[in-house]
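Visitor: got a predicted structure here, sequence first:
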Amino acid sequence: MAEALPRIPEESRERSRLSSLAYRYRHWVGFLFIGPWLLSLLLFDIMPFFANLYLSFTDYSVGLVTPNWVGLDNYIEIFTEDRVFAKSVYNTVYYMLFSVPLRLVLAFAFALLLNARLRGMQMFRTIFYLPSVVPVVATSIIFIGLLNTRYGVINQFLVLVGLDPVRWLSRPEWIKPSLVIMSLWGFGGQMVIFLAGLQSIPGELYEAVSIDGGNSWHRLRHITVPLMTPTIFFNLIIGIIGSFQVFTQVFVLITATGGPLQAGLVYMINVYNNAFAYFRKGYAAALSVILFVIILVFTVIMVRSSDRWVFYGDDER
Amino acid sequence: MIENPRVRHTRNSLTYLALLAGALVMLFPLIWTISTSLKTPDKVTLRYIELIPDPWAFENYLEIFNDQPLLRYTRNTLILVAAAVFGALVPCSLAAWGFARIPFPGRRVLFGLLLATMMLPYVVQLIPLFIFFDRIGWVNTFWPLILPRVLGHNAFYIFLMRQFFRGIPVDLFDAARIDGASEFGVWWRIAMPMSLPVLAAVSIFAFQFAWDDFLWPLIYLGGNKENWTLAMGLNALKGFEGDENTMNVMMTFSTLMLVPMLLVFYFGQKYLVRGVSVSGLKG
Amino acid sequence: MRKSLYIPILVLAALLLAFAPVQAQDEVTEIRFMNWWDASREVLMLELIARFEAENPDIRVINEVQPWDNRAELVSTAIASTTPPHIIMTNRQETFKFAGLGLIRPIDEFVADAGLDLGVFYDGEIGNQYWAGELYALPLPTAGGLTGMFFYNKGMLAEAGMDAPPATWQELEAAAQAINVGDAMGIDVLGVTVGSDASQFINWLYTNNGRYVDDLGRTLMFNSPEGVETLEWMIRFTNDVNGGVENMIDFHQGADFTAGDHPWYRNELAFNAINTSHFNHMRANAPDFFADTDRWGVMMRPYNGDNPDAQTAGVVGYSSSGGWGYTIPVVHTPELQAAAYRFAEFLGANEQGGCIFLFAQGRPSPVRACNEDPAYYDANPYWDVVLEGLGNDVAVSITPVQGQLHDILNVRIEEAFFGVLGAEDALNLAAEEMQGILDEFWSGLDG
């Protein structure tokens, strides 16, 4: 179809003609591309979502029984009676605010280092990905070994340099920092994504800056970071969504009680306890709807702001 | 680009130093896993870190092959891994391309829905999905685990690839279209080869998540031991109330499970840092 | 992937061929048994099933053993299935919840038809399995049993200048005071931890003549003067003798009786509260220690010597996650339910069933007669003490909301240990909040 077009000297005219032609053609082609996923959305997302929304207005507990409609009772209880709710929102937001940016910076820094064309990098990349694949129990044992007040490596170091030991896992005020430290451990996944992202930066751009006399900092500031913004944006969004739903690593380190004075009781622990320990699945459904809304708000803010700082190779908005 | 060799040397040394320090920390859990896998049950330590087994229990590795149907577990796991990798590379990547480069009505809304699918916790999806698959008689088959994967039911991969596809300069595709390439042709012949790094990343993730997945296979395949995966076999060593003295054997099992994973990463990461150069295609 | 289709079909075809002649002769009922007796216990369970099938050739039991993690999720999906397993191993809270919703069936009729004498069980153990006056399961293993007991280290006791294990709180405190070694960063050698959670509070409460709840499970009673005295003693002990609750959390970080570096095996802990599996772990992790009865002993949980009404006690069934029974979902045909009951009875009450199964694990049985087997005395040097402990057990009446109540009590007690609240306020606040939930539950049931 495109070949039949007469060659028009002005490139711009050709392009506008092409895209208007193509647009009609792409209308349904777009749905061909997303078709399989769209089917999975209907089957495996829309259905559970509305089932969950319905259950959040009921007293559903367990089994194949028709639950009783309780209207807004679950939501009212969450905001008026649930003493754990506010605490868990605070703990989770705290965790998110520290863990996400720190992990992002760490993953980015190590991706830059590991992107160097030096000997042995394959081995180093594998080693830095290790914490993402070793059993969770191994990680938690190592963390107990690092953070224990008496035998922990970190405290022994603190004492060596003349500081007071810290009760990392037994004082309420230190639980959340400990959880954040543990979360940094798993930056390997994000690092892999950054490594992939660094490859899409054309080499000649760096050469241009070098000729202009730019140093490494300039290259980083004016080329690497701007061109990496789509990847940074991705890791940020995924990090936020993941942090709000953090569960397993907290569960492994401080159990479903949430640690001393519930200082590490994150949102999902409350959802989990209601759904499975208390058999209040209707209530857990309401909690998860609220979590959904909270994450949605944060994500929408990030997506909206992304127009200003994320640069794609296209001119679409 | 001419650089003072001295400066470069210093910078490389500093890079190595930083990497070595980090690597030492990162290696710890692996070393602990391997060392525990070579201990006798009474010598397992959970409060202190003791890395040298005494005595060495190499027999753990022999016994686990006799005691556990590792081949069957592996075969079952590979069925799920194959579905996951295929799903990530074909339907997910197609959808990502659709979201990145093909305008169609409602694209922004659907992309919003794509992101939203990640925001509902698994805890509350479990029962509705189970009831659905139970009603159509698929519990105790692999289909509830295969079908979503081969339909590309994974917002994470789609979103990730979409970010990369959008980074490829538009001119390239328009040129191909002018040359008569279909939209699928553009996706297959230009977008895919140019995105090898992200495809490698997605394949590694898909492999790993399916390889380690425990909860969903448990729900759908738990009833018949013939269908168990490696992760389920590993967990079953814990015993009732988690109180068997099997930490050493569990770590033997884990170490064996780690090997394919690390091989996949070691060879996959070659593609992570060797994408087809954008400028190369342009010419 | 295609292969995955053929293999089940081939397996099915082979199975059909193999069983076709048998089915033609007489009907074999297949029942699926969902349980968590995995790892080394799976072998025992398969032996037990083989014995059952030999006695009952018309029933085939399929052992659907499950990995331990994510058990709660699996139970919740299984019970929502249109074809759930015919028998599910459930804990007491699940049993009550499912019973209340009519998802499982009472077994009184089956028991009567089979002529089973329920008197063979310890009262507390069988009592655990009743909901709203009907019996839903037979117990296995014991729900309580050893909460009233401690291991003690004879060598460490002698070093502290004591020749007999402490019988009262006050003697325990004196012993711990003499044994503890530590400094500002924590404790190296510990006498005993009295605990800082709800479960330990309840255990100590019963050794001060207190109670958690009335017999009907309707009125909470733990915030009595005995309760306040118990909690105050636990906090004072923890602060004055052990240097604060943080020390105790740190000391037990990573400590697991299944691992060889538990402080008990290293002579770093003089008294250790135990449960039914501790004997077996000790035998596995420290065989020499286990064999040498001059080095360790078993004693009853100390009671408050200042309270003339107090005596040693253990608690059965406070925990919402214990009290295992074998329940029968209602959705299957009566014939299948009857077959399921026959296996459940074999498992629970038959000498060739549960008895042998628990003995092989070194655990006591909920069936009294099983525990009198002389073989137990050979395998466990302190078996007579274990039986004495079983006899001291007091049953606690819980409800399906116990998990929620426990968590509230836990938080309030922790607040008392961290000095946020006084002991009395903590218990009163907890009782008030918990009673509200309990009242709501009962009014929903009665109304």
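Guide: Ah, there it is.
Visitor: A:Met191 is in what secondary structure piece?
Guide: For A:Met191, the host element (DSSP states H and E) is helix A:188-198.
Visitor: could I have that helix exported to CSV, CA atoms only?
Guide: Included here for helix A:188-198 are C-alpha records, laid out as CSV according to Å, rounded to 0.1, in the frame of the first residue of the first chain:
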residue,chain,number,x,y,z
GLY,A,188,18.8,-7.2,41.7
GLY,A,189,15.5,-7.2,39.7
GLN,A,190,15.5,-3.5,39.2
MET,A,191,19.2,-3.6,38.4
VAL,A,192,18.6,-6.0,35.5
ILE,A,193,15.9,-3.6,34.1
PHE,A,194,18.3,-0.7,34.3
LEU,A,195,21.1,-2.7,32.7
ALA,A,196,18.7,-3.5,29.8
GLY,A,197,17.8,0.2,29.7
LEU,A,198,21.4,1.4,29.5
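Visitor: can you list the residues that contact it?
Guide: A:103-104, A:107-108, A:110-112, A:114-115, A:125, A:128-133, A:224, A:228, A:230-231, A:234-235, A:239, B:160, B:164, B:197-198, B:200-201, B:204-205, B:269, B:272-273, B:275 (C-beta atoms under 8 Å, 6 or more residues apart in numbering or on different chains). (C-beta placed from N, C-alpha, C; glycine too.)
Visitor: restrict these to those near chain C?
Guide: Among those, none lies close to chain C by the criterion of C-beta under 8 Å from any C-beta of the partner chain.
Visitor: quick revisit: just the mean pLDDT for the helix holding A:Met191, thanks.
Guide: Mean pLDDT, computed over helix A:188-198, is 93.
Visitor: so how far is that helix off the chain centroid?
Guide: 14 Å (C-alpha atoms, centre = their mean, to the nearest Å).
Visitor: same question for stretch C:212-222.
Guide: That offset, for stretch C:212-222, works out to 20 Å (C-alpha atoms, centre = their mean).
Visitor: list the buried residues for it?
Guide: C:Tyr212, C:Val213, C:Gly217, C:Leu220, C:Phe222 (16 or more other C-beta atoms under 10 Å in any protein chain shown).
Visitor: out of these, who's nearest chain B?
Guide: C:Tyr212 (22.5 Å; C-beta to the nearest C-beta).
Visitor: three-state assignment of the closest residue to chain B within the stretch 51-200 of chain C?
Guide: When scored by C-beta to the nearest C-beta, the stretch 51-200 of chain C has C:Pro67 as its residue closest to chain B, at 3.7 Å. Following DSSP: H, G, I helix; E, B strand; the rest coil, C:Pro67 is assigned to coil.
Visitor: contacting residues around C:Tyr341?
Guide: C:Ile107, C:Phe110, C:Ala114, C:Ile328.
Visitor: tally of neighbours for residue 156?
Guide: With no chain named, the answer covers chain A. 13 (other C-beta atoms under 10 Å in any protein chain shown).
Visitor: hmm, no, I was thinking of chain B.
Guide: 20.
Visitor: what's the answer for B:Thr15, then?
Guide: 17.
Visitor: that one reaches A:Leu118, doesn't it?
Guide: Yes - between B:Thr15 and A:Leu118 there is a contact at 6.7 Å, judged by C-beta atoms under 8 Å.
Visitor: common neighbours of those two, please.
Guide: Counting by C-beta under 8 Å, 6+ apart, nothing touches both B:Thr15 and A:Leu118.
Visitor: check contacts around B:Phe130.
Guide: B:Val139, B:Ile219, B:Tyr220, C:Thr77, C:Ala80, C:Ser81.
Visitor: so which of those residues are also by chain A?
Guide: C:Ala80, C:Ser81.
Visitor: what's the closest of the contacts of B:Phe130 to chain A?
Guide: C:Ala80 (5.3 Å).
Visitor: mind listing the strands for chain C?
Guide: C:29-35, C:59-65, C:87-90, C:130-131, C:134-135, C:149-153, C:181-183, C:186-189, C:271-273, C:296-300, C:314-316, C:325-327, C:393-395 (DSSP state E).
Visitor: among those strands, which is nearest C:Ser199?
Guide: strand C:314-316 (8.6 Å; C-beta to C-beta).
Visitor: what helices or strands is the closest one leaning on?
Guide: helix C:198-206, strand C:393-395 (3 or more C-beta pairs under 8 Å, 6 or more residues apart in numbering or on different chains; DSSP states H and E).
Visitor: can you redo the contacts of B:Phe130 as JSON lines with distance to B:Pro53 and pLDDT?
Guide: Shown next, in JSON lines, are the contacts of B:Phe130 (distance: C-beta to C-beta, whole Å; pLDDT from 0 to 100):
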{"residue": "B:Val139", "distance to B:Pro53": "42", "pLDDT": "94"}
{"residue": "B:Ile219", "distance to B:Pro53": "36", "pLDDT": "95"}
{"residue": "B:Tyr220", "distance to B:Pro53": "38", "pLDDT": "96"}
{"residue": "C:Thr77", "distance to B:Pro53": "40", "pLDDT": "95"}
{"residue": "C:Ala80", "distance to B:Pro53": "45", "pLDDT": "95"}
{"residue": "C:Ser81", "distance to B:Pro53": "44", "pLDDT": "95"}
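Visitor: farthest pair in the contacts of B:Phe130?
Guide: The farthest-apart pair in those, when distances are taken by C-beta to C-beta, is B:Tyr220 and C:Ala80, at 13.2 Å.
Visitor: pull the CA atoms of the helix or strand harbouring A:Ile142 into CSV?
Guide: Using DSSP H and E, A:Ile142 maps to helix A:136-147. Provided in CSV are the C-alpha atoms of helix A:136-147 (Å, rounded to 0.1, in the frame of the first residue of the first chain):
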residue,chain,number,x,y,z
VAL,A,136,13.9,-16.3,51.5
VAL,A,137,14.8,-18.3,54.6
ALA,A,138,18.5,-17.9,53.8
THR,A,139,18.1,-14.2,53.5
SER,A,140,16.2,-13.9,56.8
ILE,A,141,18.9,-16.0,58.6
ILE,A,142,21.6,-13.7,57.3
PHE,A,143,19.6,-10.7,58.4
ILE,A,144,19.2,-12.0,61.9
GLY,A,145,23.0,-12.6,61.8
LEU,A,146,23.5,-9.0,60.7
LEU,A,147,21.0,-7.3,62.8
